[in-house]
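Enquirer: Okay, structure incoming, though there's no sequence with it:
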């Protein structure tokens, strides 16, 4: 069993959890994820490891409640335990000393960006961070990211924080500035956002890495459910990824496969107690 | 009892028929198909055994169960003795009694086979194992082994790992099993459906091992959570039985459409994660018309599962003829009884879909059998101009798996075959001292009992290795 040591709310239904998992904390590298099976008989949920403390034997996860299982995870009080956590899984991020790097995060993807930006900065890169969201409450980790970023640029759709617009607007400005134009870009967030970033950078030929989030079960390559097309070749995101060259990703296929269980998920959400239902729908909208 | 029977009377006994759930009923539920023998049936069947001196059946058993001896005890109604003999040789008899291909192993060699059908060794094994599970109090007596002070790590809690663990624990070694998934049993849990192997049986077999002192840690992925090297430092020996991990893809257009599954994913959702139950949130697409591609046991498990999930039409699509199917005869028979449709000598060409990305059909090619290929089976050859389409909404690919590189990628000194399987000698030893391997990661996709045979074989080698290094 994996004890929850801290559970903080960062944004509506986005929680930071610190969990005791000594083996995973010791083995974990940037870009890797865990699979959580929150209770017996539940689903297995893949989540990126945001941070780890091998000495304390803890891992940090950022979790957004989007369905009954993630709601169960964020709803676990300090002192209680999650049934199963397996990992670390996936390949570690290939960190190079690119020079100037832009890290682009959207929504809860910003949390996935956090370990990436940290590792890139540690490797001697000059990191510019761009984070975006619907409105001010959905912007997370701006201060934490500022610690190892040259600058943190914020965009919101309603203009309630930072500049009004999308992360791609801010990224375009960065690329247009010859002093700041990045040699590599890491983008993590909703699939349409990652796709938009890749379309933006493609004509410039700037290396763009994305972290994919397909439906996954075992995370060890056994089931093949997380298959994605990369450069027209089928890959398993769990063992070949989760990070890929964004210019080679078939985003249309990824988006389509993510809708596979939408009806069944909606039904499950519909069966939740009304107060929990409201929570989920508010985020999904 | 048996002593009173003349040879003629013994020869006159007909092979028992396994009672089973009515095909119509069972094709809509997940309860076990075979219902097991009762005591009278078992004793009667055991009396058919001629107790041959040469014991050909034992030679056919990968774990060398002393078959005539346990059957003799059954014939005499001495079930505790039968159970002791069986359990001494086989760590998982209730599993083997259900899923072993006896017709190709022990029973095929039975001297009664030709005339009146072989002794139903598998049914008797199941009967004795189930009796033993229900009567643990009658099986006490054996002294616990002297602790050896040696520790062994076992990677994977599937049939190879469980067998290995049971054998080594019985020899007094301290055994820890590391399992990547959140529950034990490997393929016994995620692969074989409830209607063929109830999970209660797996639980009981695993509990019995734990009572022997074996400890099991789930959620540990060797190669990721800990490395083989770390295990080798911490333990006196390591056994790798992590199975055959990655599905082989069909490599067809439409393979990534929604509604296309690998058999591993389909069966894992249902068996490990309870997608067949109403009280479990695991989603699965319930196809109305489901095509399963392949002819092995996994294909049969998948198609019969689809039927139970409500498919009106559940189809096996296989590119050779029934004679070449690798599935057990009993599984094929049960599948047919349950209304599974067999489309033989046909191969998929393309998976068809609609604008929303859902599977709508399968374009297929009729085949005929040509010359034998490397496997010794006649090679399927396309018949020109004979394509046809099937209307389906779920496709399950059950054409096989290949070696999972998760562990081996982080053990660069471990010697592998060109296909990525671990190379061992005939004792199960790898090229690394103290590291042994068995089951599908060595063989490629095989059977439960062959994996168990490997586990048992390697346990003897590990015991010898530990004694030598004392």
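Expert: Noted; the coordinates are in hand. Computed from a predicted model, the values in this text were never measured in an experiment.

Enquirer: List, one by one, the residues from the stretch 151-285 of chain A near chain B.
Expert: A:217-218, A:220-225, A:227, A:229, A:234, A:236, A:239, A:253, A:256-257, A:259-261, A:264-265, A:268 (Cβ under 8 Å from any Cβ of the partner chain). Using the backbone N, CA and C atoms, a C-beta is placed for each residue, glycine as well.

Enquirer: Where strands are concerned, which of the residues you listed count?
Expert: Counting by DSSP state E, those place A:227, A:229, A:234, A:236 in strands.

Enquirer: returning to what we had before: are any of the residues of the stretch 151-285 of chain A next to chain B buried, and which?
Expert: Among these, those classed as buried by neighbour count (16 or more other Cβ atoms under 10 Å in any protein chain shown) are A:217-218, A:220-225, A:227, A:229, A:234, A:236, A:239, A:253, A:256-257, A:260-261, A:264-265, A:268.

Enquirer: I'd say residue B:118 and residue B:49 touch.
Expert: No. With contact defined as Cβ atoms under 8 Å, residue B:118 and residue B:49 do not form a contacting pair (9.8 Å).

Enquirer: Which neighbours do those two have in common?
Expert: Shared contacts of residue B:118 and residue B:49 (Cβ atoms under 8 Å, 6 or more residues apart in numbering or on different chains): residue B:112.

Enquirer: Which one of those two is surrounded by more residues?
Expert: residue B:49 (26 against 21; other Cβ atoms under 10 Å in any protein chain shown).

Enquirer: nearest residue to the residue of the stretch 351-470 of chain B found nearest chain A other than its sequence neighbours?
Expert: With Cβ to the nearest Cβ, the shortest gap between the stretch 351-470 of chain B and chain A falls at residue B:357, namely 4.1 Å. Excluding its sequence neighbours, the residue lying closest to residue B:357 (Cβ to Cβ, 6 or more residues apart in numbering or on different chains) is residue A:256, at 4.1 Å.

Enquirer: ok, now which ones touch the closest residue to residue A:38 other than its chain neighbours?
Expert: Closest residue in space to residue A:38, ignoring its immediate chain neighbours: residue A:72 at 4.5 Å, by Cβ to Cβ, 6+ apart. Listed by Cβ under 8 Å, 6+ apart, the contact partners of residue A:72 are A:38, A:39, A:42.

Enquirer: try 10 Å
Expert: A:36, A:38, A:39, A:42, A:43, A:45, A:65, A:82, A:83, A:276, B:281 (Cβ atoms under 10 Å, 6 or more residues apart in numbering or on different chains).

Enquirer: host element of it?
Expert: Using DSSP states H and E, the element containing residue A:72 is helix A:68-74.

Enquirer: Tell me where the model's unsure across chain A.
Expert: For chain A, applying pLDDT under 70 flags the ranges A:280-285.

Enquirer: now the helices for it?
Expert: Secondary structure of chain A by DSSP state H: the helices cover A:22-27, A:68-74, A:109-122, A:142-146, A:167-176, A:191-201, A:237-240, A:251-258, A:262-270, A:274-284.

Enquirer: Would you mind giving those as TSV with distance to residue B:152 added?
Expert: Formatted as TSV, those follow (distance: least, Cβ to Cβ, whole Å):
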stretch	distance to residue B:152
helix A:22-27	19
helix A:68-74	35
helix A:109-122	36
helix A:142-146	44
helix A:167-176	52
helix A:191-201	46
helix A:237-240	28
helix A:251-258	42
helix A:262-270	43
helix A:274-284	46
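
Enquirer: Residue B:176 is nearest to which of the ones you listed?
Expert: Nearest to residue B:176 among the helices of chain A is helix A:22-27 (13.1 Å), distances taken as Cβ to Cβ.

Enquirer: Could you chop the chain up by domain?
Expert: Using chain A here. Per the TED database, the structural domains of chain A span A:2-89, A:100-258.

Enquirer: wrong chain, I was asking about chain B
Expert: B:2-139, B:151-245+B:403-468, B:247-400 (automatic domain parsing).

Enquirer: so how far is the second one off the chain centroid?
Expert: Distance, stretch centre to chain centre, for domain B:151-245+B:403-468: 15 Å (Cα atoms, centre = their mean, to the nearest Å).

Enquirer: Check the shortest one too.
Expert: Relative to the centre of its chain, domain B:2-139 is centred 18 Å away, using Cα atoms, centre = their mean.

Enquirer: just checking, residue B:174 touches residue B:151?
Expert: Yes. Look at residue B:174 against residue B:151 with Cβ atoms under 10 Å: they come within range, at 4.4 Å.

Enquirer: Between these two, which has more neighbouring residues?
Expert: residue B:174 (18 against 15).

Enquirer: Report pLDDT for that one.
Expert: Per-residue pLDDT puts residue B:174 at 96.

Enquirer: count of neighbours near residue 61?
Expert: In the absence of a named chain, chain A is used. 25.

Enquirer: Chain B is the one I meant
Expert: For residue B:61, using other Cβ under 10 Å, the count is 24.

Enquirer: Give me the distance between it and chain A.
Expert: Distance of residue B:61 to chain A, given as Cβ to the nearest Cβ, to the nearest Å: 29 Å.

Enquirer: and what of residue B:225?
Expert: Distance of residue B:225 to chain A, computed by Cβ to the nearest Cβ: 5 Å.

Enquirer: list the contacts for that residue?
Expert: A:21, A:23-24, A:26-28, A:34, A:85-89, B:178, B:180, B:217, B:219.
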